[in-house]
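Participant: Predicted structure and sequence below. I'll ask about it afterward.
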Amino acid sequence: MAILEVNDLSITFKQYTNGLKKKYIKVISSLNISVEAGEILAVVGASGSGKSLLAHAILGILPSNAKVSGTIKFNGEILTSARQEALRGREIALVPQSVNYLDPLMRVGKQVRTSVKKGNEAKAQREVFERYRLKSDVDKMYPFQLSGGMARRTLLSTAMVSGARVIIADEPTPGLDPAVINEALNHFRDVADNGNAVMLITHDIESALKIADKIAVLYAGSTVEVAPANNFTGNGEKLRHPYSKGLWRALPQNEFIPIPGSQPHPSTLPSGCLFEPRCVKATLECTKAQPVMRELRNGIVRCIHAT
């Protein structure tokens, strides 16, 4: 059974334009993912595809002008606002993308120690700092005294000592040196192998493939494919969705072939398949309605032409 499950998630933001006219922009629609205990799910996609918003919706930290529909379940139970608040930082921990999540008025060692729920707080903080190559004097520093890489390692440390059953890592490795990146990725793998679940949000498919069990591909605020990580190989012949194949082939280490066009803005989404304007397989039927997710070859895909 999935420890974390997101079904038909939609997020709409209320905005006011000139003249105080109110409008609604749907930035995520019919998004579906799940991750089981012992598993790492990597969530990939271009900037603006909804990856970070997905994480914030799970944690219940979206801004007040956001309207959310669909269901999010943790351990089989729907996450209400009250339950999100109770589980946040305890059972579900976030490694945020922005280092601004650090409290500027608290020494970083204390921030890490406050996340320890079991065992000796000081010992756990020392060990995690050693693991991520943070010197002993760093614990007395304030966030403004840290380099960008040190701040990211501190955020990573905070999540790792929490003992959470689900860790959501939102772009956790930019600015880190290769040795620390590999250490962090291996530790995520250890966390999953010990029966927990990890959702790794990243642009770096190559790094994700080192540790992930499944890859969820997002496009324009929707899931287009969830596939086993070992499907990302060769020229993408094992993948199901045209966008997934294009994304894979566009990587520098592969064919470096760009996908024509660009991802649509949330205010100008197509009425049918969101990828239809850029898809070489598109037909008239693709313009009529957004395809539903369906199972195919040990994965799931949102495309009527996928085989």
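Facilitator: Received the coordinates, thanks. Residues are numbered from 1 along each chain as shown.

Participant: hang on, residue 213 packs against residue 41?
Facilitator: Yes - Residue 213 sits in contact with residue 41 when judged by Cβ atoms under 8 Å, with a separation of 7.0 Å. C-beta: built from backbone N, CA, C; applies to glycine.

Participant: From start to finish, how long is stretch 99-106 in a straight line?
Facilitator: In stretch 99-106, first residue to last residue: 14 Å (Cα to Cα, to the nearest Å).

Participant: Over to stretch 112-128?
Facilitator: Stretch 112-128: ends 9 Å apart by Cα to Cα.

Participant: next one: that stretch to chain centre, how far?
Facilitator: 25 Å (Cα atoms, centre = their mean, to the nearest Å).

Participant: swap in stretch 70-90?
Facilitator: 17 Å.

Participant: Buried residues in it, which are they?
Facilitator: Neighbour-count burial for stretch 70-90 flags 70, 72-74, 79, 83-84, 87-89 (criterion: 16 or more other Cβ atoms under 10 Å).

Participant: who's more crowded, residue 213 and residue 41?
Facilitator: residue 41 (25 against 17; other Cβ atoms under 10 Å).

Participant: Wait, the more buried one touches residue 214, no?
Facilitator: Yes - Residue 41 lies in contact with residue 214 (Cβ under 8 Å); the separation is 5.0 Å.

Participant: shared neighbours of those two, which are they?
Facilitator: Taking Cβ atoms under 8 Å, 6 or more residues apart in numbering as the contact rule, residue 41 and residue 214 both touch 35, 226.

Participant: just the strands in the chain please.
Facilitator: All strands of the chain, identified by DSSP state E, fall at 2-16, 22-36, 40-44, 66-74, 77-78, 92-95, 166-170, 197-201, 214-219, 222-228, 294-296, 299-301.

Participant: Turn those strands into a markdown table, columns for mean pLDDT.
Facilitator: Below are the strands of the chain laid out as a markdown table (pLDDT from 0 to 100):
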| stretch | mean pLDDT |
| --- | --- |
| strand 2-16 | 94 |
| strand 22-36 | 92 |
| strand 40-44 | 97 |
| strand 66-74 | 96 |
| strand 77-78 | 96 |
| strand 92-95 | 92 |
| strand 166-170 | 94 |
| strand 197-201 | 96 |
| strand 214-219 | 97 |
| strand 222-228 | 97 |
| strand 294-296 | 96 |
| strand 299-301 | 97 |
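
Participant: now those as CSV including distance to residue 270?
Facilitator: As requested, the strands of the chain are arranged in CSV below (distance: least, Cβ to Cβ, whole Å):
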stretch, distance to residue 270
strand 2-16, 16
strand 22-36, 11
strand 40-44, 21
strand 66-74, 20
strand 77-78, 31
strand 92-95, 32
strand 166-170, 27
strand 197-201, 25
strand 214-219, 11
strand 222-228, 11
strand 294-296, 20
strand 299-301, 18
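
Participant: Okay, helices next: where are they in the stretch 101-250 of the chain?
Facilitator: Remark: helices assigned in the stretch 101-250 of the chain by DSSP state H, counting those that start in this stretch are 108-113, 121-131, 148-160, 178-193, 205-208, 242-249.

Participant: what about the last one, distance to the chain center?
Facilitator: From the chain centre to the centre of helix 242-249 is a distance of 19 Å (Cα atoms, centre = their mean).

Participant: Could you list every helix and strand that it packs against?
Facilitator: Counting contacts by 3 or more Cβ pairs under 8 Å, 6 or more residues apart in numbering; DSSP states H and E, helix 242-249 packs against strand 214-219, strand 222-228.

Participant: how big is the angle separating that helix from strand 214-219?
Facilitator: Between helix 242-249 and strand 214-219, the angle comes out at 110 degrees (axes from the mean of the first three to the mean of the last three Cα atoms, to 10 degrees).

Participant: Residue 47: how many residues sit nearby?
Facilitator: Residue 47 has 8 nearby residues by other Cβ under 10 Å.

Participant: do residue 183 as well
Facilitator: 17.
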